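Asks: Take a look and give me a structure for this.
(chains A and B)
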Amino acid sequence: MTSSREFFNRRLHSLLGVIPIGLFLIVHLTVNHQATGGAESFNKAANFMESLPFLQVLEILLIFLPLLYHAIYGLYIAFTSSGNTGRFGFFRNWMYLLQRITGVLTLIFIAWHVWETRIAMMFGTPLNYQMMEDIFSSPFMIVFYVVGIISAVFHFANGLWSFMVSWGITVTPRSQVISTYVTMIIFVVLAIVGMQAVFAFV
Amino acid sequence: MAETKSVKFIITRQDTPESAPYEETFEVPYRPNMNVISALMEIRRNPVNNKGQATPPVTWEMNCLEEVCGACSMIINGKPRQACSALVDKLEQPIRLAPMKTFPVVRDLQIDRSRMFDSLKKVKAWIPIDGTYDLGPGPRMPETKRQWAYELSKCMTCGVCLEACPNVNSKSNFMGPAVFNQVRLFNAHPTGAMNKAERLNAFMEDGGMQGCGNSQNCVQSCPKGIPITTSIAAVNRDATLQSFKNFFGSDRV
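Replies: As a prediction, the model looks like this:
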């Protein structure tokens, strides 16, 4: 291999954001959405996820390690860029800046979210409808979750757009405009799914 | 005293590469159709600032005066562009001039763009045809392709896209948007294509294409209207295939 480590790292970062992290995000939001059908329906969906075979291996290989890599390398990317939307206020430049801001917000959100749910479950708190209802008894947590989910969903949708450019899937300006529309529809749809889930617990 | 129309210039100056920048204001007598270069020439002819003090003349670089060489790039009213094609009548006054700080400042508005030429050397942005004997005529290029390639060949290494790029900064060694276009141009040439893999591999090294974050400021800022982001995605596509070939091996050389 003649290409550099930096090239490999950056492409790996791009890939992991979609597979498996993006896919996991969709699965996660779908499971959450079961809360709109009441406590029983949510608990059933959550229990199904917990009953998957090799759960810990799946969690570590498909969620934890990719997420950790994407987060740490993403921070490096975010902090080696110098936003210049003040001088160059183009649409794509704003999306570029938002991608980095939502990335950092999502990392803060996920760190707290994992601590409060998955780590808490490890220490014995059952992960069910009741747990989320307790979390959302605080208005601050509702705001925190709303911001966190919107950030995560935007970061995924817009990340999908740049994934397609970075791998050379969308090359022409027209294809990139179409993918802007498609990914923004994905953003809106996933945001609605996420918000419905949050307010099902409130 | 007779009131003559004048144009006010606020210029960011710097005496040496290391010294601190400062602003100096000049009033230049107005002439119809003047551009920023002609105003700078006027200042050079009579280097007196608006306080009436004699000052060292402002230095800048210029060459072709028709926006094809890229030497006179500077920040004019906040936008990186060429001073020769910046017409005073079309600019908001006072006109603010500053050097493109992405590059090392030599003096006043004069910058050192060597890093761009070093990058072109790194990615072998040329077509090697030198040999010890006559290789004969190369493969012909279809006329439609030549016309398309001509648009890419308009790059004058002016540095505006690097100035606009949020990833070209002191925290990274990203070579900048212009390089994508050159790699694509020379890879598209029938003779240049013979070194396609070599060029792509060089551009996948540190500071290479992976530094792009898709803010697309480059294509918006390019004074020659070069489709830089199309070149970026096209080179990314070629690099995807090239990296697979590198990793898994290829049945072609």
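Asks: Quickly note the distance from B:Y30 to chain A.
Replies: Here B:Y30 is placed at a distance of 28 Å from chain A (CB to the nearest CB, to the nearest Å). In short, each C-beta sits where N, CA and C put it, glycine included.
Asks: Provide the backbone phi and psi angles at that residue.
Replies: In this entry, B:Y30 is assigned phi and psi values of phi -80, psi 140 (degrees, to the nearest 10).
Asks: Give me the pLDDT for the spatially closest residue to it that is not a sequence neighbour.
Replies: Excluding the flanking residues, the one nearest B:Y30 by CB to CB, 6 or more residues apart in numbering or on different chains is B:K5, at 4.2 Å. On the pLDDT scale, B:K5 is placed at 90.
Asks: Run a quick neighbour tally on B:K5.
Replies: 7 (other CB atoms under 10 Å in any protein chain shown).
Asks: per the record, what domains does chain B have?
Replies: In terms of domains, chain B is parsed into B:6-111, B:114-248 (source: automatic domain parsing).
Asks: Can you lay out these as TSV showing distance to A:T170?
Replies: Converted to TSV, the domains of chain B look like this (distance: least, CB to CB, whole Å):
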stretch	distance to A:T170
domain B:6-111	27
domain B:114-248	6
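Asks: Spell out which residues of chain A are next to chain B.
Replies: Residues of chain A found near chain B (CB under 8 Å from any CB of the partner chain) are A:1-4, A:6-11, A:77, A:79-84, A:87-88, A:90, A:92-93, A:95-97, A:161-162, A:165-173, A:176.
Asks: hmm, which of those residues are the buried ones?
Replies: Neighbour counting over the residues of chain A next to chain B (16 or more other CB atoms under 10 Å in any protein chain shown) leaves A:3-4, A:6-7, A:10-11, A:77, A:80-81, A:83-84, A:87-88, A:90, A:92-93, A:95-97, A:161-162, A:165-168, A:170-171, A:176 as the buried ones.
Asks: Give me the subset of those residues that lies in strands.
Replies: With strands taken from DSSP state E, there is no overlap with those.
Asks: one step back: dump the domains of chain B into CSV; add distance to A:L15 and mean neighbour count as well.
Replies: Converted to CSV, those look like this (distance: least, CB to CB, whole Å; neighbours: other CB atoms under 10 Å in any protein chain shown):
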stretch, distance to A:L15, mean neighbour count
domain B:6-111, 30, 17
domain B:114-248, 11, 19
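Asks: quick one: which of those is nearest A:H33?
Replies: domain B:114-248 (30.7 Å; CB to CB).
Asks: mind checking how far the closest one is from the chain centre?
Replies: 14 Å (CA atoms, centre = their mean, to the nearest Å).
Asks: Quote the end-to-end distance of it.
Replies: Taking CA to CA, to the nearest Å, domain B:114-248 runs 37 Å from one end to the other.
Asks: avg pLDDT for that domain?
Replies: The pLDDT scores in domain B:114-248 average 95.
Asks: Next one: it, is it in contact with chain A?
Replies: Yes: Domain B:114-248 reaches chain A (CB under 8 Å from any CB) through B:164, B:166-167, B:169, B:171-172, B:201, B:204-217, B:220-221, B:227, B:229-230, B:232-240, B:242-243, B:246-247.
Asks: Give me the distance from stretch B:77-93 to the chain's centre.
Replies: 16 Å.
Asks: Now find how far off-centre stretch B:80-99 is within its chain.
Replies: Relative to its chain's centre, stretch B:80-99 lies at 17 Å (CA atoms, centre = their mean).
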